[in-house]
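*Asks:* Sequence unavailable; structure follows:
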């Protein structure tokens with residue numbers, strides 16, 4: 001045999017070897033990169049207990065005077081219908097734009113509840129109750145001129161604590177006369193807002209406790225059964241101190257309230273000018289809630305209710321995460337982690353009709369709301385709507401990012417999500433990251449199995465929120481991010497993100513049968529499966 005064919009053969013074998021070395025690792029790499037399947041398996045007959053509905057106990061709103069607007073009222077009625085919140089909490093009940101308090105030339109108080117009555121009558125007309133935040137200070141009663149926000153809420157202590165107490169007593173007496181003792185017994189009275197921040201309270205902690213003492217005494221003098229609490233602090237602060245003060249001084253306290261947000265620095269951004277970074281800590285927000293419950297349990301009043309009267313991913317009214325599809329999965333993940341530790345978690349807020357930094361008129365400006373000023377549903381709205389569509393009985397479920405329920409009619413509901421914190425870290429502010437078009441990466445297959453489903457026919461409906469699925473902000477980006485939306489553009493965004501099911505079919509379950517379904521899931525997708533018994 002000549003050397004030429006031998007060399008040719010050797011070169012061919014060498015090439016094959018090199019190719020095989022290149023191909024095998026690449027194949028292995030592809031297999032390794034393929035996301036693992038996730039499985040959710042529950043038994044129709046394995047009941048965990050009644051569904052904890054703390055997620056819809058309360059929702060926030062900017063200030064009381066905004067509640068006199070027709071568009072605000074229309075949006076709240078819609079959110080109540082779809083999400084079924086029980087209470088609403090807002091700032092500014094006692095500020096000058098509500099005309100509650102003035103004095104005659106001799107310094108005698110003049111009380112006027114005309115605007116409060118219009119607002120509270122509306123709340124009752126749609127089946128909601130006020131979570132009454134007592135603040136801020138009427139200027140005729142204030143000790144100073146320091147204010148906060150565009151609408152100038154006075155944050156100074158009263159110059160006369162006895163007159164402050166008389167105002168609160170008269171107000172609560174008015175509520176009792178107008179709505180009845182049994183109704184007002186179901187309300188909550190929270191004294192002030194975030195007094196641990198200089199922006200919201202120009203006094204000391206000691207002065208806040210004095211303010212609280214006089215307000216609590218006023219409320220209990222009207223009716224011992226009325227519920228009063230605080231301190232409504234930012235960042236889960238002052239809780240043990242508040243309880244200790246009340247115990248040592250025999251001051252009534254029926255609940256503890258505080259706030260938490262999921263960004264890394266700061267507590268107050270009055271005009272939406274700070275840069276924020278979503279915290280990478282997987283227990284941000286929820287860790288605060290669990291710690292609050294521990295502090296209450298270790299106190300002299302271990303059975304006090306705990307209400308987080310403000311929370312969301314970010315504390316600033318100019319954070320695009322509020323508009324992003326990421327917010328829906330974020331909210332669900334945090335509430336699942338909280339479990340039964342809180343009696344309520346009040347999302348801040350239900351609408352972008354919100355004027356702390358002044359009236360906002362640009363679409364998708366990162367406002368706190370579940371709805372834009374034009375009434376467009378953001379993805380987080382659907383998270384709460386889906387929660388409200390769950391049944392009243394929760395099934396045993398080991399999965400950490402889902403809730404499976406059944407209802408009294410034999411239907412089954414499964415709310416499933418993926419929360420992936422894709423934020424790149426400290427080098428980029430939310431204000432630069434979440435305004436982008438952010439395609440979601442695949443997270444693999446989600447296998448859902450429900451065993452021992454009763455025999456019969458079921459109407460299956462599957463709903464979805466995620467990237468380009470009920471994702472109004474991404475639709476807005478595709479329009480070129482106009483500074484103003486025409487009526488036609490608003491209508492188009494609403495049509496493309498109207499919450500309709502993406503799948504509807506009839507499923508037949510045989511005797512002692514099982515239901516199973518494979519679903520593709522991406523980063524920060526939220527899925528709701530509803531099986532309606534026919």
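*Replies:* Yep, it's here. This one's a predicted model, so the numbers in the text were calculated from it and none came from an experiment. Numbers count the residues shown, from 1 in each chain.
*Asks:* if I look at residue 426, how far off is residue 312?
*Replies:* Noted for residue 426: a distance of 20 Å to residue 312, by C-beta to C-beta, to the nearest Å. In short, each C-beta sits where N, CA and C put it, glycine included.
*Asks:* So for the two, which residue has more residues nearby?
*Replies:* For residue 426 and residue 312, the more surrounded residue by other C-beta atoms under 10 Å is residue 312, and the numbers stand at 27 against 10.
*Asks:* My understanding was that that one contacts residue 347; is that so?
*Replies:* Yes: Residue 312 is within contact range of residue 347, at 5.9 Å (criterion: C-beta atoms under 8 Å).
*Asks:* My reading is that residue 229 lies in a helix. Confirm?
*Replies:* No: counting by DSSP: H, G, I helix; E, B strand; the rest coil, residue 229 is not found in a helix; it is strand.
*Asks:* How about the contacts made by the nearest residue in space to it that is not next to it in sequence?
*Replies:* The shortest distance from residue 229 to any residue other than its chain neighbours is 3.6 Å, reached at residue 255 (C-beta to C-beta, 6 or more residues apart in numbering). Contacts for residue 255 (C-beta atoms under 8 Å, 6 or more residues apart in numbering) come out as 188, 227, 229, 304-307, 343.
*Asks:* what mean pLDDT does the longest strand along the chain have?
*Replies:* Selection of the longest strand in the chain by residue count, based on DSSP state E, yields strand 442-453. For strand 442-453, the mean per-residue pLDDT is 96.
*Asks:* That strand: partners in the sheet, and parallel or antiparallel?
*Replies:* In the sheet, strand 442-453 lines up against strand 38-43 (parallel), strand 513-522 (antiparallel) (DSSP bridges).
*Asks:* Please produce JSON lines containing those, extended by mean pLDDT.
*Replies:* Listed next are these as JSON lines, based on pLDDT from 0 to 100:
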{"stretch": "strand 38-43", "mean pLDDT": "96"}
{"stretch": "strand 513-522", "mean pLDDT": "94"}
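*Asks:* any chance of the ones you listed in CSV, with mean neighbour count and distance to residue 51 too?
*Replies:* Conversion of the strands paired with strand 442-453 to CSV gives the following (neighbours: other C-beta atoms under 10 Å; distance: least, C-beta to C-beta, whole Å):
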stretch, mean neighbour count, distance to residue 51
strand 38-43, 17, 14
strand 513-522, 16, 20
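*Asks:* I'd like those written out as TSV, with distance to residue 361 added.
*Replies:* Listed next are these as TSV, based on distance: least, C-beta to C-beta, whole Å:
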stretch	distance to residue 361
strand 38-43	43
strand 513-522	33
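*Asks:* ok, which stretches of the stretch 51-200 of the chain are strands?
*Replies:* For the stretch 51-200 of the chain, applying DSSP state E, counting those that start in this stretch gives strands covering 58-63, 87-91, 101-103, 109-111, 129-134, 147-148, 153-154, 188-191.
*Asks:* Contacts made by the fifth one with the rest, please.
*Replies:* This means strand 129-134. So strand 129-134 is in contact with 58, 86-91, 93-94, 120, 123, 168, 183, 186-193, 215, 232, 307, 309, 346, going by C-beta under 8 Å, 6+ apart.
*Asks:* on that earlier part again, touching both of residue 312 and residue 347, which residues are there?
*Replies:* With C-beta under 8 Å, 6+ apart as the test, residue 312 and residue 347 both reach residue 331.
*Asks:* before we move on, back to that, mind giving me the ChimeraX command for buried ones among the contacts of strand 129-134?
*Replies:* Buried residues among the contacts of strand 129-134 (16 or more other C-beta atoms under 10 Å), as a ChimeraX selection:
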select :58,86,87,88,89,90,91,93,94,120,123,168,187,188,189,190,191,192,193,215,232,307,309,346
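*Asks:* coming back round to it: for residue 247, which of the strands paired with strand 442-453 is the nearest?
*Replies:* Closest to residue 247 of these is strand 38-43 (C-beta to C-beta; 43.7 Å).
*Asks:* so how far is whichever helix or strand comes after the closest one off the chain centroid?
*Replies:* Using DSSP states H and E, the helix or strand that follows strand 38-43 in sequence is strand 47-50. Distance of strand 47-50 from its chain centroid, counting by C-alpha atoms, centre = their mean, to the nearest Å, is 24 Å.
*Asks:* and if you look at stretch 310-327?
*Replies:* Using C-alpha atoms, centre = their mean, the mean C-alpha position of stretch 310-327 is found 9 Å from that of the whole chain.
*Asks:* again, but for stretch 62-73
*Replies:* Taking mean C-alpha positions (C-alpha atoms, centre = their mean), stretch 62-73 and its chain are 19 Å apart.
*Asks:* who's residue 102 bridged to?
*Replies:* residue 110.
*Asks:* Next one: it, what pLDDT does it get?
*Replies:* 97.
*Asks:* list the contacts for it?
*Replies:* The contact partners of residue 102, by C-beta under 8 Å, 6+ apart, come to 109-110, 112, 138, 140.
*Asks:* try residue 407
*Replies:* If you count contacts by C-beta under 8 Å, 6+ apart, residue 407 has them with 391-393, 413.
*Asks:* Please repeat the previous calculation with a cut-off of 10 Å.
*Replies:* 51, 389-393, 413, 530-533 (C-beta atoms under 10 Å, 6 or more residues apart in numbering).
*Asks:* So which residue is dead centre in this structure?
*Replies:* The centroid of the chain falls nearest to residue 347 when counting by C-alpha atoms, centre = their mean (3.1 Å).
*Asks:* Let me know whether that residue touches residue 59 as I believe.
*Replies:* Yes: contact criterion C-beta atoms under 10 Å: residue 347 and residue 59 qualify, at 5.5 Å.
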